[in-house]
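A.B. asks: pasting a predicted model and its sequence here:
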Amino acid sequence: MNWDQIAGRWKQVRGHVKREWGRLSEDDVDRVDGQREKLVGLIQEAYGIEREEADRQIRNWFSRL
């Protein structure tokens, strides 16, 4: 699976995102709308981590899908 497929199936995937990053609100997850960069920014903000760490977490999550 690639990120374009994630973006296309965002409504199905959003539950996985919410379980992985529970600090993100439903509205946050809706705003991402499959856009990887928005997800990185929201995770970075919600968890107070650096961009590289947020990106690493997304890569790890993505590899488990």
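C.D. replies: That came in fine, so what should we check first? Numbering: from 1, shown residues only.
A.B. asks: the host helix or strand of residue 37 - what's its average pLDDT?
C.D. replies: Here residue 37 sits within helix 36-47, counting by DSSP states H and E. Mean pLDDT, helix 36-47: 98.
A.B. asks: contact partners of it?
C.D. replies: With CB atoms under 8 Å, 6 or more residues apart in numbering as the test, helix 36-47 has contacts from 3, 6-7, 17, 21, 23-24, 28, 31-32, 49-51, 53-55, 57-58. C-beta coordinates here come from the backbone N, C-alpha and C atoms, glycine included.
A.B. asks: at 10 Å instead, please
C.D. replies: Residues outside helix 36-47 that contact it (CB atoms under 10 Å, 6 or more residues apart in numbering): 3, 6-7, 17, 20-25, 28-29, 31-33, 35, 49-55, 57-58, 61-62.
A.B. asks: in helices, which of the residues you listed appear?
C.D. replies: Secondary structure from DSSP state H places 3, 6-7, 17, 20, 28-29, 31-32, 51-55, 57-58, 61-62 of the contacts of helix 36-47 in helices.
A.B. asks: list only buried entries from these.
C.D. replies: 6, 17, 28-29, 32, 54-55, 57-58, 61 (16 or more other CB atoms under 10 Å).
A.B. asks: quick one: least confident of these?
C.D. replies: residue 6 (92).
A.B. asks: ok so, going back, can you list the buried residues in the helix holding residue 37?
C.D. replies: Buried residues in helix 36-47 (16+ other CB under 10 Å): 39-40, 42-44.
A.B. asks: now for these: which two are most distant?
C.D. replies: Farthest-apart pair in these is 39 and 44; separation 9.5 Å (CB to CB).
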